[in-house]
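[1] Dropping the sequence and predicted coords here.
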Amino acid sequence: MDLELVGKVALVTGASRGIGRAIAQRLATEGATVALVARSADALASVAATMPGDVFTLGADLSSLAGVEAAVAAVLARFGRIDILVNNAGAIPAGDFLTMPDEAWIDAYSLKLHGYIRAARAVLPIMQRQNGGRIVNVIGATARNPLPTYLAGGVANAGLVNFTKGLADIGAAHNILVTGVSPAATATDRIEEQFVQIAAATGQTVAAVRAERMQRQPLGRMASPEDIADMVAFLASARASFVSGACVTVDGNSTRGVWL
């Protein structure tokens, strides 16, 4: 299947590891020109070395408005256009609700929630001038599956589902399609970090937390980063030209509800 991504310029945030890295690699394999943005320039350089084509890397702090706007401006200056924005940066910590400090919520939302909003706001005028584009938001499946040890993440993810739907209305007049991809538990370093945080909050062992999560996987495994990357690449492509405002859950049927 030809996704018609050759020649498209894609900006992927949080591209230094895990899901973001897999998305960047998948888009590059499909022929897109990819700009990788994350905090660590060294980590991005290592990712870029594994990818084909013209890869641009930029170390930037996307938790601030200035950082987001500078990153988007740098990509635009380098390539003259941005056809695809993949919002992926941000890892919200798990923990006990009553003891998680207010600062932890604020810091997490500066990157995961406000970072997505600011990046979309910076890119949207560019795509409007181009009369087309794709914005794909990576939004955890806790948007629809509340976990008492991950309330900060669940609240942010639920908000981003709403944001995706509303932004799709704004983009429609200029053929800018906005979608979301909701991964459930995905085999990355970050899920292992969450297991440690949940274990600390609940008094369980990390092994017990991991086993409990695995019991909720009907297919007997967590998603791989590549599972998520494949869906993102499809939604960013010409093959999804009538898909907008949707948030696709990629979770192996672990969500226990009918609204996906």
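    Cool, got the structure.
[2] Verify the stated contact: Gly257 with Pro146.
    No - Gly257 lies out of contact with Pro146 (CB atoms under 8 Å); the separation is 11.0 Å. No exception for glycine: its C-beta is placed from N, CA and C like everyone else's.
[3] neighbour-wise, which of those two wins?
    Pro146 (13 against 8; other CB atoms under 10 Å).
[4] mind listing what that one touches?
    Gly154 (CB atoms under 8 Å, 6 or more residues apart in numbering).
[5] tell me the SS of it?
    Following DSSP: H, G, I helix; E, B strand; the rest coil, Pro146 is assigned to coil.
[6] how close does it get to Ile106?
    The gap separating Pro146 from Ile106 is 21 Å, by CB to CB, to the nearest Å.
[7] What segments of the stretch 101-250 of the chain are strands?
    133-138, 176-183, 247-250 (DSSP state E, counting those that start in this stretch).
[8] in the first one, what's buried?
    Judged by neighbour count using 16 or more other CB atoms under 10 Å, the buried positions of strand 133-138 are 133-138.
[9] roughly how far is the host helix or strand of Ala77 from the heart of the chain?
    Following DSSP states H and E, one finds Ala77 within helix 65-79. Offset of helix 65-79 from its chain centre (CA atoms, centre = their mean, to the nearest Å): 18 Å.
[10] Any chance you could list what contacts that helix?
    So helix 65-79 is contacted by 9, 11, 13, 33, 35, 37, 56, 58, 60-62, 82, 115, 118-119, 122-123, 126 (CB under 8 Å, 6+ apart).
[11] give me that answer again for 10 Å
    Contacting residues not belonging to helix 65-79 are listed as 9-11, 13, 33-39, 54, 56, 58-62, 64, 81-82, 85, 89, 110-111, 114-123, 125-126 [CB atoms under 10 Å, 6 or more residues apart in numbering].
[12] Centroid-nearest residue for this structure?
    Closest to where the C-alpha atoms of the chain average out (CA atoms, centre = their mean) is Asn88, at 2.4 Å.
[13] Now do the contacts for Ile191.
    Ile191 neighbours (CB under 10 Å, 6+ apart): 18, 91, 94, 183-185, 210, 213, 222-223.
[14] I'd like these as TSV, with neighbour count appended.
    Shown next, in TSV, are these (neighbours: other CB atoms under 10 Å):
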residue	neighbour count
Gly18	20
Ala91	19
Ala94	26
Pro183	25
Ala184	23
Ala185	22
Arg210	20
Arg213	18
Met222	21
Ala223	23
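[15] In the stretch 51-200 of the chain, where is pLDDT below threshold?
    Nowhere does the stretch 51-200 of the chain drop to pLDDT under 70.
[16] Which residue ranges of the stretch 51-200 of the chain form helices?
    Per DSSP state H, counting those that start in this stretch, the stretch 51-200 of the chain carries helices over the ranges 65-79, 102-112, 114-130, 151-171, 189-202.
[17] got the angle between the third one and helix 102-112?
    By that I understand helix 114-130. 20 degrees (axes from the mean of the first three to the mean of the last three CA atoms, to 10 degrees).
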